[in-house]
Every structure is written in C-alpha cells, then in structure tokens.
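Engineer: Turn this into a model:
(one chain, ligands or ions: 1)
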Amino acid sequence: MSTSTPITAAGAHPGGAHPFADTPAEPPRDCPRCPRLAAFREEWRAKEPAWHNAPVPSLLPPDGPDGVRLLVVGLAPGLRGANRTGRPFTGDYAGDLLYATLTRYGFANGRFAARPDDGLALIGAAITNSVRCVPPENKPVGAEINACRPFLTETIDRLPNLRAIVTLGKIAHDSTIRTLGGRVAAHPFRHAGATDLAGLRIFSSYHCSRYNTNTGRLTTEMFEAVFAEAAAFLR
Ligand code: SF4
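Structural biologist: Numbers count the residues shown, from 1 in each chain. Okay, the predicted model is just below:
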C-alpha cells in the first residue's frame with residue numbers, strides 16, 4: 001500500500017477557499033458544461049423520452065449524507081443502465097455485481113431488482129460517478145472528466161463522516177485522487193490497491209463492467225476481496 005501524510009478535507013481547501021464554492025453536489029438536469037455529452041443527452045431524450053437522460057444523482061442511504069462512511073465512485077452512467085433508470089449502476093450488468101457485493105458486505109439490504117423502486121437501500125454507503133452524464137461508448141474525454149470533477153468534490157465534501165472510498169477503474173480513481181488534492185503519480189491506480197489521502201483510505205478495483213468480467217480481468221472473487229478490505233477497515 002502506498003501512503004502519504006493524511007490531510008484533512010480542510011487541507012484540500014485551505015482556509016475555506018473552496019475552488020468550487022458555487023457548485024452544488026448535484027448538477028442541474030440541463031448541465032451545459034460538456035457540449036458533447038449535452039448533445040448526446042438531447043439525442044437520447046428525443047429517441048427515448050421515457051428514460052432519465054440527464055445527469056445521474058448520487059445514491060445515498062436513507063439516513064442521508066451523515067450516515068455515509070464508504071463512498072463508491074464509478075466511471076459514468078451506462079446508456080441503458082443508469083442513464084435509462086436514473087439510479088447509479090441500475091439497469092445493466094455492472095449493477096448486478098456491485099449491489100450483490102455491497103449487500104454481501106453489509107453495505108446494502110433489500111432485494112436488488114435493477115429498478116429504482118426495487119426497495120434496495122444502502123447502509124453506511126453512497127454511490128456516485130466521476131462523470132454524471134452518459135458518454136458515447138462509455139468513454140468520457142479528459143475535458144469532460146475535469147468539467148464534472150467539481151460535482152465529485154462537492155459530493156465528497158457533503159459527507160462529514162466519510163472514511164473510505166472504493167474507486168472503480170482508473171478514470172474514477174484518478175479523478176478521485178485529484179478531487180482530494182493528491183497527485184496521481186503518488187497514488188497510482190492498481191487493482192486491489194489502497195492509499196491514504198486527505199484523511200481517507202482509497203481502495204481501488206477494476207471496474208465491474210460486463211467487459212471486464214467477461215474477459216476475466218475481474219472475477220467476482222477479486223471484486224469481493226476489495227469490499228472485504230473496505231469492510232474490515234471500517235469495522
Ligand atoms: S458530465 Fe457533469 S459537467 Fe458534464 S454536462 Fe454532465 S453533469 Fe455537467
């Protein structure tokens with residue numbers, strides 16, 4: 001595990017000089033910051049008007065931000081997953097593995113049925129994405145990741161009892177490190193890696209996408225091991 005001297009959230013924004021003071025934790029439905037993604041959103045609003053087709057808000061536990069000790073940071077909504085249903089990791093394969101794993105390690109309960117109204121509830125955990133709008137072919141460009149980072153920053157800042165983050169994939173990992181004021185070179189992505197930054201422990205995993213599991217890059221056991229570590233850390 002690589003470590004660095006922990007700094008506080010205040011250390012990431014010294015003296016309260018918050019660089020995104022006017023940014024809410026949730027983007028507006030018609031957020032204009034990424035022209036390519038806004039155009040893609042509009043295209044799908046026309047094709048599928050019943051879908052969510054908007055920035056996907058973070059999913060919190062029923063007791064709200066104060067109850068969150070673990071934050072899961074994904075890449076971006078899937079076109080027919082969260083972009084369709086409006087709940088992170090809901091409606092495509094990645095959610096099947098993520099919610100089953102969260103439930104197994106005590107971070108969720110209820111029956112996951114891939115619908116926002118399935119009754120599943122997070123326990124002490126929240127889920128967000130580093131890019132809130134669906135990107136074509138699941139590939140956001142650097143400018144879009146940077147444009148959406150203020151929302152990730154605000155999401156983290158509104159969790160006063162946060163102790164750990166699980167990042168899913170290199171893009172989510174790198175954006176989280178930058179959000180916390182760290183240098184990616186000092187905290188490189190590595191599956192099953194862990195690093196300390198801004199008073200938080202960051203655990204990293206390959207993304208739980210169907211592609212990664214179909215190719216064997218990520219197995220259920222590998223994924224569960226990351227959450228087992230996070231659960232042990234929070235105990
Ligand atoms: S990805 Fe983020 S910054 Fe870009 S348009 Fe969507 S909500 Fe706005």
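Engineer: what does the helix or strand hosting A231 contact?
Structural biologist: A231 is part of helix 220-234 when elements are defined by DSSP states H and E. For helix 220-234, the surrounding residues in contact (CB atoms under 8 Å, 6 or more residues apart in numbering) are 69-70, 97, 101-102, 104-107, 124, 163-164, 166, 191-192, 194, 201, 203-206, 208, 213. Any C-beta I mention is one placed from the backbone N, CA and C, and that applies to glycine too.
Engineer: show me where pLDDT drops low in the protein?
Structural biologist: Applying pLDDT under 70 to the chain flags residues 1-22.
Engineer: Show me what from it comes close to the ligand.
Structural biologist: 27, 31, 33-34, 37-38, 55, 131-133, 144, 147-148, 151 (CB under 6 Å from any ligand atom).
Engineer: Go through the residues you listed and flag which are in strands.
Structural biologist: Judged by DSSP state E, strands contain none of these.
Engineer: Just list whatever residues bridge to the residue most central in space within the chain.
Structural biologist: For the chain, the residue nearest the mean C-alpha position is V73 (2.0 Å; CA atoms, centre = their mean). Per DSSP bridges, the residues bridged to V73 are T128, T167.
Engineer: doesn't V166 make contact with it?
Structural biologist: Yes. Between V73 and V166 there is a contact under CB atoms under 8 Å: 7.2 Å.
Engineer: could you pull out the strands for this structure?
Structural biologist: All strands of the chain, identified by DSSP E, fall at 2-3, 70-74, 108-109, 121-122, 125-129, 164-168, 194-197, 200-205.
Engineer: And the fifth one, what's buried?
Structural biologist: For strand 125-129, the buried set under the neighbour-count rule, 16 or more other CB atoms under 10 Å, comprises 125-129.
Engineer: Identify each buried residue in stretch 55-72, please.
Structural biologist: Those would be 55-61, 65, 67-72, for stretch 55-72 by 16+ other CB under 10 Å.
Engineer: Mind giving me the PyMOL select for the residues of the chain next to the ligand, buried ones only?
Structural biologist: Restricted to buried positions by 16+ other CB under 10 Å, the PyMOL selection for these reads:
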select buried, resi 27+31+33+34+37+55+131+132+133+144+147+148+151
